[in-house]
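Colleague: predicted model and sequence follow; I will ask about them next.
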Amino acid sequence: TQDLCDASTGTCLGTQPTNCDDGNPCTDDSCDPVGGCQHVQVSCDDGNVCTTDSCDPVRGCQHVQVSCDDGSLCTLDSCDPATGACLHRFDPNQSDLDVDGVPDACDDCPTVFNPGQDPNACKEEIVDISIGFGSPLGGGSGMVGWRTTHEVTLTGFNIVVLGRDGGTTRLNQAPIPCTACGTGNGTTYNYPIPKHKSGRNIFIEMLRADVVLGTFGPAVKQ
């Protein structure tokens, strides 16, 4: 309290409560009979672990929702109200060709069931390589067939003969273009080759531009 006195007469006019308002909405103001004015920081905790709580000197308590955005267009992001942990689950409404729960836009191999996104599960490979005799190229020529498991980064193929010294001789005049390039799908190929001794040691090179990604074979006689 404050004691009031009439300055002209010296007469005591009584007392009035001390004004402890500091004008700050972020403090609770009170007067202690011993210590005088007290200004205790306001608690803005709203009990919600998914908000960041603070006090603005002008606006008072503020509660800002925690941002759980992981930057991926394939996930639905939210905050767990029990723990405050950010949750990210794949959007079930997006296209998912292989039905592995991972939307195609974020799937390492969208045509192969691979829910754990194991990179080895969608490795580009050439399989079922075979050679048969008889082709539009005439007597002694052959037809080489093969199948790709996926086509993601490859751009084409070479059919080569592997020599004893490890060297290769290409049987196609120009690289054979892939037909499912970049789709993530696999497909089947058949390509004629000129006459070749016994049809053995035929391999397929998988290409990315001029780089050989891998060599597969040998071809099996049909």
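Modeller: Nice, thanks for sending it over. What you are looking at is a predicted structure, and each value in this text was computed from that prediction instead of being measured.

Colleague: what is the neighbour count of the closest residue to residue 75 other than its chain neighbours?
Modeller: Excluding the flanking residues, the one nearest residue 75 by CB to CB, 6 or more residues apart in numbering is residue 88, at 4.4 Å. Every residue, glycine included, has its C-beta placed from N, CA and C. Residue crowding around residue 88 was assessed by other CB atoms under 10 Å; the count is 13.

Colleague: surely residue 88 and residue 77 touch.
Modeller: Yes: look at residue 88 against residue 77 with CB atoms under 8 Å: they come within range, at 5.4 Å.

Colleague: what do these two both touch?
Modeller: Residues touching both residue 88 and residue 77 (CB atoms under 8 Å, 6 or more residues apart in numbering) are 68, 70.

Colleague: wasn't the residue nearest to residue 75 part of a strand?
Modeller: Yes: the assignment for residue 88 by DSSP: H, G, I helix; E, B strand; the rest coil puts it in a strand.

Colleague: roughly how far does it sit from residue 42?
Modeller: Using CB to CB, to the nearest Å, one gets 34 Å for the distance from residue 88 to residue 42.

Colleague: residue 28 - that's part of a strand, no?
Modeller: Yes: using three-state DSSP, the secondary structure at residue 28 is a strand.

Colleague: how far away is residue 204 from residue 190?
Modeller: In this structure, residue 204 lies at 12 Å from residue 190, with CB to CB as the measure.
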